[in-house]
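Trainee: With the sequence up front, the predicted model follows.
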Amino acid sequence: MNSHPLLYQINTRCWLHDLSAQLKKPVTLASVPDTEFQFWQQSGFTHIWLMGVWTTGAQARTIAIQHPDLRKEYDRILPGWTDADVAGSPYSISDYSVPKTLGGDEELKQFRAKLNTLGLKLVLDFVPNHMGLDHAWVSEQPELFVLSPDAVPGTFKVKTKNGSRFVANGKDPYFAPWTDVAQLEYRRVATRTALVKLLQGIATQCDGVRCDMAMLMLNDVFAKTWAHLPINEASPTEEFWPAAIQAVKATQPGFIFMAEVYWGLEGKLQSLGFDFTYDKALYDDLVERHAAEAQRKLLTHPADYVTRSVHFLENHDEPRVAEKLSPAENRAAALAILSLPGMRFLHEGQLTGARIKVPVQLGRRPVEPVQPEIQTSYNALLAVLKKSHLGHGTGQILPPRCAWDGNGSHQNIITVLWPGKDEFDVAVVNLAAHRSQCYLSLNIPTLAERHWTMRDLLGSESYERVGSDLAQQGLYLDVPAHGAQVFRFEPVR
């Protein structure tokens with residue numbers, strides 16, 4: 001497994017619709033043009049996350065069509081939309097199989113095989129908290145879900161072979177219930193057993209899973225969320241995730257588990273076996289322009305925590321970064337996440353400056369113009385990733401030192417050192433809207449013994465530095481506003 005994967009998220013339904021429109025013929029997973037695969041490979045991606053490949057049921061789609069707030073959002077971003085444009089939420093899963101409209105399970109298998117042949121891996125969704133209203137378990141095995149003895153808010157009535165039952169809608173503790181899903185019951189061993197078996201089946205179809213809202217099934221979180229609907233049996237004392245992850249990795253050791261997780265529970269899920277966990281705190285600091293706080297967190301977190309974090313600037317749940325940050329800010333923040341140890345995560349549309357956040361319920365999205373400045377920046381960043389040491393080996397986040405008394409601008413700078421064999425690279429990002437200065441101590445064993453050329457792989461700057469000076473005083477940097485630089489240090493021959 002690449003210890004620093006580069007993940008690309010694709011909205012599968014909208015993407016295949018776009019390709020079909022461009023090629024003027026239906027495109028499904030087996031007929032995706034070679035140019036798409038070539039783009040991913042040339043860009044340096046290691047993992048492709050096909051978001052939304054599973055089947056959404058009719059009830060969830062009806063809710064998505066009729067929901068007044070969603071209809072307002074469709075009107076705003078896709079004027080003239082029709083019911084045919086609404087596919088329903090991909091997180092209201094009625095069956096973990098690929099619908100025929102996308103190509104079916106066999107075409108997913110072919111798609112994955114083609115990815116693997118090119119050295120890329122496939123990531124798919126696992127939604128452990130709930131099932132779509134149409135899932136067979138809801139009526140056939142209602143005991144796997146949170147049940148209520150009566151009709152109370154946040155429940156719905158289901159006809160089963162043993163009469164009607166009231167099943168709870170899925171929810172997290174801070175928001176209203178999701179009306180298109182049924183809440184799985186993690187206080188029952190039978191539910192956990194069924195979910196592990198389901199997960200093992202999903203794992204045969206991909207190389208990793210992104211686990212939706214993975215903290216909701218922690219014992220304490222679940223007990224607190226559903227205390228108002230108790231069960232009459234003893235709940236398991238062990239956590240769900242270790243056994244589930246171990247069951248998959250027993251047969252697929254390289255399989256990746258990625259957790260969508262919030263509320264400061266990232267370290268907890270890492271300790272339970274997740275390979276990578278969302279770093280929403282860093283995301284918030286970057287898009288809200290909290291430079292010093294972003295730097296502080298990166299420097300104070302344990303190195304292993306950062307290396308097992310997912311660094312991102314947008315995804316299907318967040319606003320588009322091009323809408324939040326200027327092109328220069330976007331470029332700097334992008335290098336910040338791409339230069340860090342861990343999983344680096346880019347989102348379809350991010351590379352071309354898309355500004356519209358598309359509701360996941362839509363199967364068609366508006367066509368947006370490319371923003372050339374942003375596209376050029378991302379192309380350059382990805383090209384440098386491929387030819388530099390960034391993301392290979394062990395990266396070290398360096399603490400910038402104050403350049404002179406009274407100058408606090410060093411707190412705006414994020415620097416990451418990536419050693420090579422004889423040379424090394426240092427990524428430098430200034431998150432501030434003004435120049436910032438600092439000194440860096442470079443942890444390179446042979447630093448003092450040589451003279452070094454220092455060349456910016458993202459620009460034209462080039463310098464020579466005396467190794468003994470670098471070892472004694474450190475490297476002085478004066479970084480432009482929103483500067484994004486990758487310096488290659490090579491010994492002078």
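Mentor: Perfect, I can see it now. Residues are numbered from 1 along each chain as shown.

Trainee: domain assignment for the chain?
Mentor: Annotated domains of the chain cover 6-134+186-387, 396-491 [automatic domain parsing].

Trainee: As JSON lines, those domains with distance to residue 142 and mean pLDDT would be great.
Mentor: Where you see a C-beta, it was placed from the backbone N, CA and C, and this is true even at glycine. Output for the domains of the chain, formatted as JSON lines (distance: least, C-beta to C-beta, whole Å; pLDDT from 0 to 100):
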{"stretch": "domain 6-134+186-387", "distance to residue 142": "11", "mean pLDDT": "98"}
{"stretch": "domain 396-491", "distance to residue 142": "49", "mean pLDDT": "97"}
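
Trainee: Same list (the ones you listed) but as TSV, adding mean neighbour count and distance to residue 150.
Mentor: Formatted as TSV, the domains of the chain follow (neighbours: other C-beta atoms under 10 Å; distance: least, C-beta to C-beta, whole Å):
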stretch	mean neighbour count	distance to residue 150
domain 6-134+186-387	18	10
domain 396-491	18	53
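
Trainee: Dump these to CSV, plus distance to residue 158.
Mentor: Converted to CSV, those look like this (distance: least, C-beta to C-beta, whole Å):
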stretch, distance to residue 158
domain 6-134+186-387, 9
domain 396-491, 51
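
Trainee: so which of the ones you listed comes closest to residue 157?
Mentor: Residue 157 sits nearest to domain 6-134+186-387 of all these, at 11.3 Å, using C-beta to C-beta.

Trainee: Ends of the closest one, what's the gap?
Mentor: Taking C-alpha to C-alpha, to the nearest Å, domain 6-134+186-387 runs 14 Å from one end to the other.

Trainee: need the contact list for residue 319.
Mentor: Contact analysis of residue 319 by C-beta atoms under 8 Å, 6 or more residues apart in numbering lists 287, 357.

Trainee: Spell out the secondary structure type for it.
Mentor: Following DSSP: H, G, I helix; E, B strand; the rest coil, residue 319 is assigned to coil.

Trainee: swap in the one 4 residues further on?
Mentor: Under three-state DSSP, the three-state class of residue 323 is helix.

Trainee: so what's it up against?
Mentor: Applying C-beta under 8 Å, 6+ apart to residue 323 gives the contacts 355, 357.

Trainee: give me the element the residue most central in space within the chain is part of.
Mentor: Nearest to the geometric centre of the chain sits residue 345, at 5.3 Å (C-alpha atoms, centre = their mean). In this structure, residue 345 sits in strand 343-347 according to DSSP states H and E.

Trainee: does residue 476 count as helix, strand or coil?
Mentor: strand.

Trainee: related to what we said a few turns ago, what lies in contact with the strand holding residue 345?
Mentor: 4-9, 45, 258, 276, 309-316, 337-338, 378, 391.

Trainee: so what secondary structure elements neighbour the helix or strand following that strand?
Mentor: Going down the chain from strand 343-347, the next helix or strand is helix 372-387, by DSSP H and E. Under the contact definition 3 or more C-beta pairs under 8 Å, 6 or more residues apart in numbering; DSSP states H and E, helix 372-387 sits against helix 327-338.

Trainee: I'd like to know which of the domains of the chain is closest to residue 168.
Mentor: domain 6-134+186-387 (6.2 Å).

Trainee: Does residue 11 touch residue 361 like I think?
Mentor: No - using C-beta atoms under 8 Å, residue 11 is not in contact with residue 361, being 11.2 Å away.
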